[in-house]
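A.B. asks: fold the following.
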Amino acid sequence: MTIKPLIILPDPLLRQVSAPIETVNAELLKLADDMLETMYDAPGIGLAAIQIGVPKQMLVIDVSREDEEKNPQVFINPQIVKSSDELSVYEEGCLSIPDYYAEVERPATIGVKYVGRDGKEHMLEADGLLATCLQHEIDHLNGVLFIDHISRLKRDMVIKRFTKLAKGKAV
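C.D. replies: From the prediction side, this is the model:
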């Protein structure tokens, strides 16, 4: 497994819509393993393929606590097929927007249709942190960042800060 470099805001790749995956093969499963390794190393609880520069509809998640056994999950071509009217608020962060956190309101429970590592279609009902994490990562596949769910003023400040940081590194 290989730890991949993360794409960081303001990289325009983060706004790209990812393409559906046609077949589950050994190469794709290696990418999933590399993504998990990268996510654990960061450390994070979710990672979309676009965050390592691969515009494919795949994400990995592990919301297990530190004192629990790891529970890595791979979602290929995930789609939210239902969501609750009830909302929940979680403080979210993102590996592509390091050290910035904000409260985001999202549906409390969702239903997700996806293809698993086995190449078969699955359905998952999720709530709590898993529901939030899935929505966050699926947003990435559609070119949406969690800062798009906060006020325009805060979002503009975050983008300005990361643009300034990126220019400083480019010099």
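A.B. asks: use CA for all of it now, contacts and neighbours both
C.D. replies: Noted.
A.B. asks: how about the helices of this protein, start to end?
C.D. replies: Assigned by DSSP state H, the helices in the chain fall at 26-41, 128-141, 152-170.
A.B. asks: off-centre distance for the last one?
C.D. replies: Which is helix 152-170. Chain-centre distance of helix 152-170: 20 Å, with C-alpha atoms, centre = their mean, to the nearest Å.
A.B. asks: pull the CA atoms of that helix into PDB?
C.D. replies: What follows is helix 152-170, C-alpha atoms only, in PDB (Å, rounded to 0.1, in the frame of the first residue of the first chain):
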ATOM      1  CA  ARG A 152     -20.500  32.800   2.300                       C
ATOM      2  CA  LEU A 153     -18.500  35.200   4.500                       C
ATOM      3  CA  LYS A 154     -16.800  32.300   6.400                       C
ATOM      4  CA  ARG A 155     -16.300  30.300   3.200                       C
ATOM      5  CA  ASP A 156     -14.700  33.300   1.400                       C
ATOM      6  CA  MET A 157     -12.300  33.800   4.400                       C
ATOM      7  CA  VAL A 158     -11.300  30.200   4.300                       C
ATOM      8  CA  ILE A 159     -10.700  30.200   0.500                       C
ATOM      9  CA  LYS A 160      -8.700  33.500   0.800                       C
ATOM     10  CA  ARG A 161      -6.500  32.000   3.600                       C
ATOM     11  CA  PHE A 162      -5.800  28.800   1.700                       C
ATOM     12  CA  THR A 163      -5.100  30.700  -1.600                       C
ATOM     13  CA  LYS A 164      -2.600  32.900   0.300                       C
ATOM     14  CA  LEU A 165      -0.900  29.800   1.800                       C
ATOM     15  CA  ALA A 166      -0.700  28.100  -1.600                       C
ATOM     16  CA  LYS A 167       0.900  31.200  -3.200                       C
ATOM     17  CA  GLY A 168       3.400  31.300  -0.300                       C
ATOM     18  CA  LYS A 169       4.400  27.700  -1.000                       C
ATOM     19  CA  ALA A 170       4.700  28.400  -4.700                       C
END
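A.B. asks: now do the buried residues in it.
C.D. replies: Going by neighbour count (16 or more other C-alpha atoms under 10 Å), the buried part of helix 152-170 is Arg155, Val158, Phe162.
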